[in-house]
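>>> Predicted structure and sequence below. I'll ask about it afterward.
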Amino acid sequence: MPVVEVNHIVKSYADKIAVNDLSFSIAPNEIFGLIGPNGAGKTTTLRMMMDIIKPDSGTVTILGEKLTEASKNKLGYLPEERGLYRNLTVIDSIIYLASLKGMDRHSAEEKADELLNHTGMLPHKGKKIEELSKGMGQIIQLIVTIIHDPELVVLDEPFAGLDPVNTELLKMIFVDLRNRDKAVILSTHQMNQVEELCDRILMIDNGRSVLQGNLTEIKSRYRSNSVIIDSEGDLGQIPGVTEKRAHKGYVELILDGNTTPKQVLERLVGTGIVINRFEAATPSLNEIFLKVAGKNHE
Amino acid sequence: MNKTLLIFRHEFRHTIRRTGFIVLTILPPLLALLGIGVFHIVSGITRPPAEVTEIGYVDEAGGFDQFTTQGNITLVRFDTPETATQALIKKDIKEYFIIPSDFISTGIIRRYTTQRELRPPAATTAAIEDFISSNLLAGKVPEVTAARVKAPLNLVTTTLAATGAVAPEQGGYANLVIPGIFGALLAVSLMFSSIYLLQGLGAEKENRLMEILLSSVSTRQLIGGKVLGIGAAGLAQVAVWVAATPFLLNLASSSIGGFISTIQIPPNLLALAVVYFVLGYLLFAVFSIGVAAISSSVREAQTLASIFTTWVIAPFWFLSAIMEFPYSPAWVVLSIFPFSAPVLVILRLGLTGVPGWQLATSIAVLVLCIFGGLVLASKLLRTYMLMYGKRPNLGEIIRNLRSG
């Protein structure tokens, strides 16, 4: 059973349609990337999923049922706009917000200690939120998001403003969530993180789905007929190669329609030159993003 | 535990631990205590001295030579103003006055003193008045008549009910004391409860907490928990004040005991005070939520909210006019206008009473406004609590409310 099923949701405001007929589903044991340019409708989609705002039409089901007050306890949400009670201590903030997710005080305190320890924040347990740095506040916010062991974790720009150490810490936590059969939705602009973490993606633009599916399959779909080679010595003329594009540290060879990368490799090996790196060129997600989003904005 | 109860408990605890709340709770009883103490000290200092004071006079009109002892004041006759002035400079007398030769036709008495004062002391004025009238009437009318001329009447009024029977409430200042105290407490607690609610919601919006809260609870639970939690804190504050009142009145009665014994509590006052506190608080609470939703900061929310919170204290601005013209139609209108009704109705209960139809209309309008306000506030909260940075203008608000 999918953890989330979104069917044809539409949300419009007085002057614009924010989300237009969007559908997707997310399975357990999956990190799902939600990407799109600014103002594409990502946050509105997430807010509708979390029942913070209501769709004009369409349905959202979480764990097979419409979202109720009880099923909200099975969701964890890290919004893009971070916020905590600035005058409360770290532990009091965590316990209060965990209690709103159905946890009793004792379990919340026990789990909070475990997560604070895991993230290296235990020494700051008694500090007021306003005394923490922005990055520390984000870690606390993440703890609040996952403390109640939700089935679905929704993360809106989770890496924004984090240093590399905390970024790695968060990535480990997300992978661990997936390994524990949780579904994770990752909405971000950082395409390298999506490439590294996500199993499937949904790209939306102007509120509509423009690209959806398995990340490997999408990259394969957008692969151009070219290879990347890092070699020593002059490559010379290679049959089947129509163009050579020099980049820093490597050369991209554009192949004609009848030549495969395997044939090019065989021909190069035949010339006897030293080859340090050879791979079929696949576009980065960033390039696909620019290509798809750019096309829609032309 | 129910999520509304969790929010209620959090808001209640958070509110009663605030420094501002604690100060406001203990400040009024403390100020009253201070006031009573100061009154005792000042009245002790300024109490007329027990020893005899000598006041001089020059009788140019003639015939004012009897009744020169007036309580603790002894009147000493001088032949000329010059001799009286010399005695005043030497401090033989405290002051002196001249009864001019044309006094009978003009009524003018000229008083001379070395002290700077706003007006003559009441004891001095009373002594001179008694001295003059006693001398004027001496031998011309019987003593009883003279006494009546000096204190011509003691007006005793009895208010009758529509049936002609003596009314249970006889009016007067004593009747206004308890409603006045209740009205003031009501106004203060309504104002501050609204401010706490504004600050709470405004801070959650400013601190970007709304989205996190709404991903865990519904708008209904959030509003319910907050309104009840902060309302309960406000009620606890009023309870502290009310509990302190008998002690303070008891303490005050040693100096103004005669007046306190005449205090009457209008019937139904307590019940109506509770009804108007609850309705008033709910009304201001729902409007505070709406204002907090559209404001971009706590400061802005408080400025905007003053548009309606000002009406809570407005009845006190008009208090002298209400006492002067208690039956003006303006007070009827303001007793039905929901923002001024809670405090004004309580004040009017002590002054003239409030007809049943006005009470019923006022309560009905309050209830309608609370329900209407709740629908509006919920919509505003859902629409604007997640919009940060700028306050929408009225046109945008109307457009967004219409589009649902």
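Thanks, I have it.

>>> pLDDT score assigned to the residue in chain A that chain B sits nearest to?
As assessed by C-beta to the nearest C-beta, chain B sits closest to A:G83 within chain A, at 3.0 Å. All C-beta atoms are positioned from the backbone trio N, CA, C, and that covers glycine. For A:G83, the model assigns a pLDDT of 82.

>>> what about the residue of the stretch 51-200 of chain B found nearest chain A, neighbour count?
Residue nearest to chain A within the stretch 51-200 of chain B: B:G200 (10.3 Å; C-beta to the nearest C-beta). Counted by other C-beta atoms under 10 Å in any protein chain shown, the residues lying close to B:G200 total 22.

>>> so it sits right up against B:G225, yeah?
No - counting by C-beta atoms under 8 Å, B:G200 sits too far from B:G225 to count as a contact (10.6 Å).

>>> for residue 225, what are its contacts?
Reading this off chain A. A:254-257 (C-beta atoms under 8 Å, 6 or more residues apart in numbering or on different chains).

>>> hmm, I had chain B in mind actually
By C-beta under 8 Å, 6+ apart, the residues touching B:G225 are B:3-8, B:10-11, B:217.

>>> of those residues, list those near chain A.
B:3, B:6-7, B:10, B:217 (C-beta under 8 Å from any C-beta of the partner chain).

>>> Which one (most neighbours) among the residues you listed?
Ranked by the number of neighbours (other C-beta under 10 Å), those place B:I7 first, at 25 neighbours.

>>> Chain neighbours aside, what residue packs nearest to that residue?
Computed as C-beta to C-beta, 6 or more residues apart in numbering or on different chains, the closest residue to B:I7 that is not its neighbour in sequence is B:G225, at 2.5 Å.

>>> The one you found belongs to a strand?
No - the assignment for B:G225 is helix, going by DSSP: H, G, I helix; E, B strand; the rest coil, so no strand is present there.

>>> Now do it against B:L213, distance only.
10 Å (C-beta to C-beta, to the nearest Å).

>>> which SSE is the residue of the stretch 51-200 of chain B closest to chain A in?
Following DSSP states H and E, one finds B:G200 within helix B:173-206.

>>> helices or strands next to that helix in the packing?
helix B:3-16, helix B:19-46, helix B:219-260, helix B:269-294, helix B:298-317, helix B:341-351 (3 or more C-beta pairs under 8 Å, 6 or more residues apart in numbering or on different chains; DSSP states H and E).

>>> Out of these, which is closest to A:G39?
Closest of those to A:G39 is helix B:269-294, at 22.3 Å (criterion: C-beta to C-beta).

>>> what helices or strands is the closest one leaning on?
Partner elements for helix B:269-294 (3+ C-beta pairs under 8 Å, 6+ apart): helix B:173-206, helix B:219-260, helix B:298-317, helix B:341-351, helix B:356-384.

>>> elements contacting the third one?
Using 3+ C-beta pairs under 8 Å, 6+ apart as the contact criterion, the elements in contact with helix B:298-317 are helix B:173-206, helix B:269-294, helix B:341-351.

>>> Assumed A:S209 was part of a helix.
No - counting by three-state DSSP, A:S209 is not part of a helix but strand.

>>> Hmm, A:F24 and it touching each other?
Yes - if you go by C-beta under 8 Å, A:S209 and A:F24 touch, sitting 7.0 Å apart.

>>> who has more neighbours, these two?
It is A:F24, of A:S209 and A:F24, that has more neighbours when counted by other C-beta under 10 Å, with 20 against 17.

>>> I'd assumed A:I201 was in contact with the more buried one.
No - judged on C-beta under 8 Å, A:F24 makes no contact with A:I201 at a distance of 9.9 Å.

>>> just the helices in the stretch 51-200 of chain A please.
Secondary structure of the stretch 51-200 of chain A by DSSP state H, counting those that start in this stretch: the helices cover A:90-99, A:105-118, A:134-146, A:164-179, A:191-197.

>>> Pull out the buried positions in the last one.
Going by neighbour count (16 or more other C-beta atoms under 10 Å in any protein chain shown), the buried part of helix A:191-197 is A:191, A:193-195, A:197.

>>> where in the stretch 151-300 of chain B is pLDDT low?
B:168-175, B:253-267 (pLDDT under 70).
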